[in-house]
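> Quick one: sequence and predicted model below, then my questions.
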Amino acid sequence: MGFREIAPGILVWRYPVLDVNISLILGADGAVLVDTLSTPRQAAELEVAVRAVTDLPLTVVNTHAHFDHCFGNAAFANCDIWAHEATADRLAENSETLTRRVYESWGTTPGLDGLLDVVVTPPTHRVRTSHTLDLGDRSVHLRHLGLGHSPGDLVVAVDGVVIAGDLVEEGAPPSFADAYPLSWPDALGALLELCADGPVVPGHGDVVGREFVEEQRKDLAGLDWTIREGHADGADVSAVAELALSRWPELGAAFALEAVGRGFVELSGRS
Ligand SMILES: [Zn+2]
């Protein structure tokens, strides 16, 4: 396995544990690594894989603050690490508290041994709306497209390829634990403006194209409408979740409840 080139100088490693995508962008003067996996062992494996491809100076980008995308940062602590400011704030919280919380949910998952050994390493550079990294012969655009899968999603756009983080998810339903389900469709609308017909790298699963993103946006917009309507009718979270589940059975009961709960939080302005 390892990195596979999906466009000239743009490589993706679909890492088997949690099916996470790691991207590597090669330029004349440097390379950009997007996301760093979950544990010290995974990150060490990633470092070896990166260095087998390039010895160019490396800049790291975290797409968001979820552990499977950034808990490997410590292995790249000598690099500039870029992230949205909400992601940077989250990762600057107490390392032990952050890792303990993840360990409680994921500690027994195969391939995630060593979670408690993670030293959470915050980004060194913060993005509010956009920033461009210059690799000499190509520009790598970091864009925050609004609230969506998390408070601090950063999308990476380079030469027609969009690396979407978990704003786009293939192979499993999108995760709503920290999400803003009512804002997410708009973020995907902005993402569609960035991607012409080029590949879109989701946070997990197979590389997709714009039709897939359009479809996911449509589903999320429908969910948004279901949540707003249920809320306006005075229904409670579980009743609206049941309705959402009947319309999108692939969500699963737990995710439907989480999505509607988060939508109600958004509507209450408490998020
Ligand atoms: Zn995520």
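Cool, the structure landed.

> Secondary structure element for Val168, which one?
For Val168, there is no helix or strand it lies in under DSSP states H and E.

> Please name the residues that touch Leu37.
Listed by CB atoms under 8 Å, 6 or more residues apart in numbering, the contact partners of Leu37 are 15, 17, 20, 22, 43, 45-46, 68-69, 71-72. Bear in mind the C-beta positions are built from the backbone N, C-alpha and C, glycine included.

> Buried only: go through those for me.
15, 20, 22, 43, 45-46, 68-69, 71-72 (16 or more other CB atoms under 10 Å).

> Show residues contacting the lengthiest helix in the chain.
Determined from DSSP state H, the single longest helix within the chain is helix 210-232. By CB under 8 Å, 6+ apart, the residues outside helix 210-232 that reach it are 164, 168-170, 174, 181-182, 184-185, 188-189, 191-192, 195-197, 200, 239-240, 243-244, 247-248, 251, 259-260, 263-264, 267.

> Which members of those occur in helices, if any?
Going by DSSP H, the helices hold 184-185, 188-189, 191-192, 239-240, 243-244, 247, 259-260, 263-264, 267 from the contacts of helix 210-232.

> Give me the buried entries from those.
Buried among the ones in helices among the contacts of helix 210-232 (16+ other CB under 10 Å): 184-185, 188, 191-192, 240, 243-244, 259-260, 263-264.

> Closest to the ion out of those residues?
Trp184 (12.2 Å; CB to the ion).

> Give me the neighbour count for the residue nearest to the closest one when sequence neighbours are not counted.
Nearest non-adjacent residue to Trp184, counting by CB to CB, 6 or more residues apart in numbering: Gly148, 4.3 Å away. Gly148 has 30 neighbours, counted by other CB atoms under 10 Å.

> in a helix, that's where Gly148 is, yeah?
No: applying DSSP: H, G, I helix; E, B strand; the rest coil, one finds Gly148 to be coil, outside a helix.

> how close does it get to the ion?
With distances taken as CB to the ion, to the nearest Å, Gly148 is found 10 Å from the ion.

> Contacts only, for that residue.
Gly148 touches 167, 179-180, 183-184, 187-188, counting by CB under 8 Å, 6+ apart.

> In the stretch 101-250 of the chain, which residue sits nearest the ion?
For the stretch 101-250 of the chain, CB to the ion, closest residue to the ion: Asp166, 3.5 Å.

> Surely that residue and Ser175 touch.
Yes: look at Asp166 against Ser175 with CB atoms under 8 Å: they come within range, at 6.5 Å.

> which residues are in contact with both of the two?
If you check Asp166 and Ser175 against CB under 8 Å, 6+ apart, the residues they both contact are His149.

> between those two, which one's more packed in?
Asp166 (24 against 17).

> which residues touch the residue lying closest to the more buried one once chain neighbours are set aside?
Leaving aside its chain neighbours, Asp166 sits nearest to Gly203 (3.6 Å; criterion: CB to CB, 6+ apart). With contact taken as CB under 8 Å, 6+ apart, Gly203 is in contact with 20-21, 35, 63, 69, 149, 164-169.

> what's Gly203 sitting at in phi/psi?
When read as degrees, to the nearest 10, the backbone of Gly203 gives phi -60, psi -30.

> re earlier: now render the buried ones among the contacts of Leu37 as JSON lines, adding pLDDT.
As requested, the buried ones among the contacts of Leu37 are exported to JSON lines (pLDDT from 0 to 100):
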{"residue": "Tyr15", "pLDDT": "98"}
{"residue": "Val20", "pLDDT": "98"}
{"residue": "Ile22", "pLDDT": "98"}
{"residue": "Ala43", "pLDDT": "98"}
{"residue": "Glu45", "pLDDT": "98"}
{"residue": "Leu46", "pLDDT": "98"}
{"residue": "Asp68", "pLDDT": "98"}
{"residue": "His69", "pLDDT": "98"}
{"residue": "Phe71", "pLDDT": "98"}
{"residue": "Gly72", "pLDDT": "98"}
